[in-house]
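Peer 1: Just to be clear, the model below is a prediction. Sequence and coordinates:
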Amino acid sequence: MVEETAPMSGGCMCGAVRYETTGETFGVTHCHCHSCRKHNGAPVVTLAGYKADQVTFSGDQRSFYESSPGVGRAFCATCGTPLTWEGDGGDLGPILEFHISTFDNPDALVPSSHAFYPERIQWFDVDDSLPRYEGFSEDSPILCHGPADHGPADQDSPPD
Ligand SMILES: [Zn+2]
Ligand SMILES: [Zn+2]
């Protein structure tokens with residue numbers, strides 16, 4: 001029996017660009033990389049990834065900024081909402097990583113990791129126990145589970 005997954009829908013703030021995804025996401029990750037943070041103006045960006053053939057857009061065409069060769073960062077030309085990272089997903093083929101808060105129901109997509117953890121803003125961390133990767137998730141070493149300040153740094157506490 002084939003598992004049925006309800007389609008997920010989303011779009012930009014003004015509603016000019018809309019999208020729908022079918023099937024399962026291949027991964028939901030908090031990305032701390034400099035480029036994602038810059039594109040969104042946010043301290044961290046949470047992404048849900050889909051293969052290109054799982055995605056349908058409607059409404060206005062999205063606009064693109066090419067942040068590096070072969071990588072498009074899409075946004076709505078009317079309201080400026082950053083929508084996606086789009087590029088080559090290796091074995092997955094062409095992929096789109098959607099910014100989680102553009103989904104109509106982001107609660108349904110639960111993150112499982114942190115990517116590019118060393119690039120994070122130093123004052124920003126989250127009190128979860130998810131693995132922190134050096135690069136983009138499984139393609140790179142795990143640095144720790146949980147916030148960085150749960151490690152040996154506790155030894156630096158002043159004595160009572
Ligand atoms: Zn818009
Ligand atoms: Zn990133």
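Peer 2: Thanks, I have the structure now. Numbers count the residues shown, from 1 in each chain. Ligands and ions are numbered 1, 2, ... in the order given.

Peer 1: For this structure, what lies in contact range of ligand 2?
Peer 2: Residues of the chain lying close to ligand 2 (Cβ under 5 Å from the ion) are 31, 33, 36. The way it works is simple: take the backbone N, C-alpha and C, and place the C-beta from them, glycine included.

Peer 1: Write down the beta-bridge partners of the closest residue to Gly93 other than its chain neighbours, one by one.
Peer 2: In this structure, Gly93 finds its nearest non-sequential neighbour in Lys51, 6.1 Å apart by Cβ to Cβ, 6 or more residues apart in numbering. Judged by DSSP bridges, the bridge partners of Lys51 are Ile95.

Peer 1: so who does Lys51 touch?
Peer 2: Taking Cβ atoms under 8 Å, 6 or more residues apart in numbering as the contact definition, Lys51 lies against 26, 89, 92-95.

Peer 1: so can I have a markdown table of those residues showing neighbour count and pLDDT?
Peer 2: Shown next, in a markdown table, are those (neighbours: other Cβ atoms under 10 Å; pLDDT from 0 to 100):
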| residue | neighbour count | pLDDT |
| --- | --- | --- |
| Phe26 | 14 | 95 |
| Gly89 | 16 | 94 |
| Leu92 | 13 | 95 |
| Gly93 | 10 | 97 |
| Pro94 | 13 | 98 |
| Ile95 | 20 | 98 |
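
Peer 1: Determine which two of the residues you listed are furthest apart.
Peer 2: Pairwise distances across the contacts of Lys51 peak at 12.5 Å for Phe26 and Pro94 (criterion: Cβ to Cβ).

Peer 1: any idea which residue sits dead centre in the protein?
Peer 2: Leu47 (1.7 Å; Cα atoms, centre = their mean).
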